[in-house]
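A.B. asks: prediction below, plus the sequence it came from.
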Amino acid sequence: MNEERKIKYEVLETRNETENIFTVVLKTPSGDPLSFSAGQYINVYFPETGKPEGKSYSISSPPGEKNFSLCVRTIGDFSKRLSSLSPGDKVTGTEPYGYFFSDSDDSPLVMIASGIGVSPFRSMILDQLKKNPGRPMRLFYGSCTLSGAVFGKEFETLAKKHPNFRLRYFITRENPGHPLAERGRMDGKKILSMLSFEEKGESAEKGGNGKNLNNAEFLICGSIEFTRDLWRSLQNAGAPEENIYTEAFF
């Protein structure tokens, strides 16, 4: 494998999203938009930490914007260093990597996230709403608390404006008291039961467009345990294995 090409990105802004999650906005050395596909990530390096492998962070902004952003949970040395950066500072990273994105332009897209795992889905949702606003998209979002659901308010606003995009929270540590949320953990059976007519293949007379589960693509992103359990659960509930894509965070 060829050695990774290192890039010195410039920090434009860091901002808090929730109590322990922040966004860092970066620009390329040339000032041109970063070329990537929604769902990809970059590796970030702090050589002084003694970890030459770096850390991977998903791009949370959509392709085509002048600058790009990473969404980071404050959990260790790398994330704390990122959060302490100031505008004008440089950070070493790579070009975008990864294959966590849809193979289709029009199939129903079912996104399943836990916590910070929602980051690549923000990129995908904003990208698709711009390029293909008629595509059916569903986001099932697990979080300990409603206030801890990063980008939640933005997703709710998008769901109000775009009927083809729908949002559902699963909140585990509180009674959310929210019309788009329910208490408890998600699983494959619950997710499939909540998919609307077009994913279930109902006829047009019943309000659907004839698409069925064989056409839907399922993308799961979160911790290793969450991703593994949802992958198994979806298959057991009837989702085709070849239509399930995963991205796990360490």
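C.D. replies: Yep, it's here. Note that the coordinates shown come from a computational prediction; the quantities given were computed from them, not determined experimentally. Numbering: from 1, shown residues only.
A.B. asks: just checking, residue 49 touches residue 76?
C.D. replies: No. Proximity of residue 49 to residue 76 does not meet the contact threshold set by C-beta atoms under 8 Å, at 9.5 Å. The way it works is simple: take the backbone N, C-alpha and C, and place the C-beta from them, glycine included.
A.B. asks: was I right to think residue 145 contacts residue 171?
C.D. replies: Yes. Counting by C-beta under 8 Å, residue 171 is a contact partner of residue 145 at 6.4 Å.
A.B. asks: the more surrounded of these two?
C.D. replies: The neighbour comparison of residue 145 against residue 171 (other C-beta atoms under 10 Å) goes to residue 171, with 23 against 14.
A.B. asks: in this protein, which spans are strands?
C.D. replies: Secondary structure of the chain, counting by DSSP state E: strands at 6-16, 21-27, 41-45, 55-58, 68-73, 90-94, 109-114, 137-143, 165-171, 181-183, 217-223, 244-249.
A.B. asks: so where's the chain uncertain?
C.D. replies: 1-3, 196-214, 250 (pLDDT under 70).
A.B. asks: and it, what are its domains?
C.D. replies: 6-94, 109-249 (automatic domain parsing).
A.B. asks: to residue 103, which of those domains lies closest?
C.D. replies: With C-beta to C-beta, the closest approach to residue 103 among the domains of the chain belongs to domain 109-249: 7.0 Å.
A.B. asks: quick check: chain neighbours aside, which residue is closest to residue 159?
C.D. replies: Using C-beta to C-beta, 6 or more residues apart in numbering and skipping residues adjacent in sequence, the residue nearest residue 159 is residue 167, 4.6 Å away.
A.B. asks: identify the bridge partners of the one you found.
C.D. replies: residue 139 (DSSP bridges).
A.B. asks: just checking, it touches residue 154?
C.D. replies: No. With contact defined as C-beta under 8 Å, residue 167 and residue 154 do not form a contacting pair (10.2 Å).
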